[in-house]
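# structure of the sequence below:
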Amino acid sequence: RIKADLCEQGEQISRQRIGRLMRQAQLVARGKRKFRTTTKAKSSHPVAENLLARNFAADGPNQKWATDITYLPTQEGWLYLATVMDLYSRKIVGWALNERLHTPLVTAALRMAVERRQPLGGLLHHSDRGSQYTSEVYKQALDRLHAVQSMSEKGECWDNAVQESFFATLKTELELGKAQWGRVQTRTEVF
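Just a heads-up that it's a prediction; the model follows:
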């Protein structure tokens, strides 16, 4: 990332030289945290078939969206972030933060995405099997969009790798793996 940033500024430098200069300055890159799953599906809610099948490419905007939730520690307790990503541009088109991990969190992120992008019918909407995404309220929101629901296989984090990768980058870049701020400041940093 340092090499890419320097290239954008017109500087030509090798990764080896960057590494040597960082060692001399006693700087180290932040490491990624180990992945752990937190999804809990309610067995009483039906799940959708995995139609995305790890095909994260899209030919145009608003054809395929992926969504997920992550936990952010704050000095005042957890803050939960739900995002909706357009797989064509890999941009976050909708997001929501809340202190509670309930269905309104994911419906707020979906509502923002719909208001910003106005997708046509036939959108493929992919998520994990979390109870928020299998809820009747969320299914009704997708039905109103005429969206096709797709869900990851049980325990397969790779089925939603684009979202997991985004969350890993966000947490690494903003040092969100540890509680640094209160909820208000954490919201501002994420925004």
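
# test my guess that Pro104 contacts Arg111.
No. Using C-beta atoms under 8 Å, Pro104 makes no contact with Arg111, being 9.8 Å away. The way it works is simple: take the backbone N, C-alpha and C, and place the C-beta from them, glycine included.

# what's the overlap in contacts for those two?
Both Pro104 and Arg111 lack any common contact, where contact means C-beta atoms under 8 Å, 6 or more residues apart in numbering.

# which elements pack onto the helix or strand where Gln149 lies?
Using DSSP states H and E, Gln149 sits within strand 148-151. If you count contacts as 3 or more C-beta pairs under 8 Å, 6 or more residues apart in numbering; DSSP states H and E, strand 148-151 packs onto strand 124-127.

# contacts for the strand holding Gln149 next, please.
Against strand 148-151 from outside (C-beta under 8 Å, 6+ apart): 47-52, 122-129, 133-134, 139, 142.

# Leu124: neighbour count?
By other C-beta atoms under 10 Å, 18 other residues sit near Leu124.

# what's it in contact with, if anything?
Leu51, Leu52, Gln63, Lys64, Trp65, Ala147, Val148, Ser150.

# any idea which element Glu11 lies in?
Glu11 belongs to no helix or strand, assigned by DSSP H and E.

# tell me the domain ranges of this structure?
1-30, 64-190 (automatic domain parsing).

# which stretch among those domains comes nearest Ala58?
Closest to Ala58 of the domains of the chain is domain 64-190 (C-beta to C-beta; 4.0 Å).
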